[in-house]
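S.K.: this one's sequence-less:
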């Protein structure tokens, strides 16, 4: 204890760099958002596919063409979202590596759980 009454804290490891923590937070949020976005597009695709299978349409009708176009767009968006998700997964892993020793931090712990689920 010092003469001013305050105790000295000894840290066993250096403090977390705020810039690295912010980068981890951004990448973690992006991965979570893209996972939700991909699931949403997959639900949309399933709904359009079911509509095409169950509803009777004339082949050249506007409704049929519109539903096919929306189904195709959902398929394209799933592919695009999957590509972006893989990119952000790699970014998340890269931003997690320098901070993985900070297991007591909630954000680092959340990132570790998400990475383990890949």
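M.R.: Good, I have the coordinates. This is a predicted model, so every value here is computed, not measured.

S.K.: going forward, measure contacts between C-alpha atoms and count neighbours the same way
M.R.: Will do.

S.K.: Show me which helix runs longest in this structure.
M.R.: helix 18-54 (DSSP state H).

S.K.: That one: which residues count as buried?
M.R.: 21, 23-25, 27-28, 30-31, 34, 37-38, 41-42, 44-45, 48-49, 52 (16 or more other Cα atoms under 10 Å).

S.K.: looking just at contacts, which helices and strands does it meet?
M.R.: Where contact means 3 or more Cα pairs under 8 Å, 6 or more residues apart in numbering; DSSP states H and E, helix 18-54 is packed against helix 62-96, helix 106-116.

S.K.: Figure out which of those is closest to residue 16.
M.R.: Residue 16 lies closest, by Cα to Cα, to one member of those: helix 106-116, at 10.4 Å.

S.K.: In the closest one, which residues are buried?
M.R.: 107, 108, 109, 111, 112, 114, 115.

S.K.: report the angle between the axes of the longest helix of the chain and helix 106-116?
M.R.: Orientation of helix 18-54 against helix 106-116 (axes from the mean of the first three to the mean of the last three Cα atoms, to 10 degrees) gives an angle of 40 degrees.

S.K.: so helix 18-54 versus helix 62-96, what angle?
M.R.: Using the same axes, to 10 degrees: helix 18-54 against helix 62-96 is 160 degrees.

S.K.: for helix 18-54, what is the average pLDDT?
M.R.: Mean pLDDT, helix 18-54: 97.

S.K.: and that helix, how far out from the chain's middle?
M.R.: Mean-position distance between helix 18-54 and its chain equals 7 Å (Cα atoms, centre = their mean, to the nearest Å).
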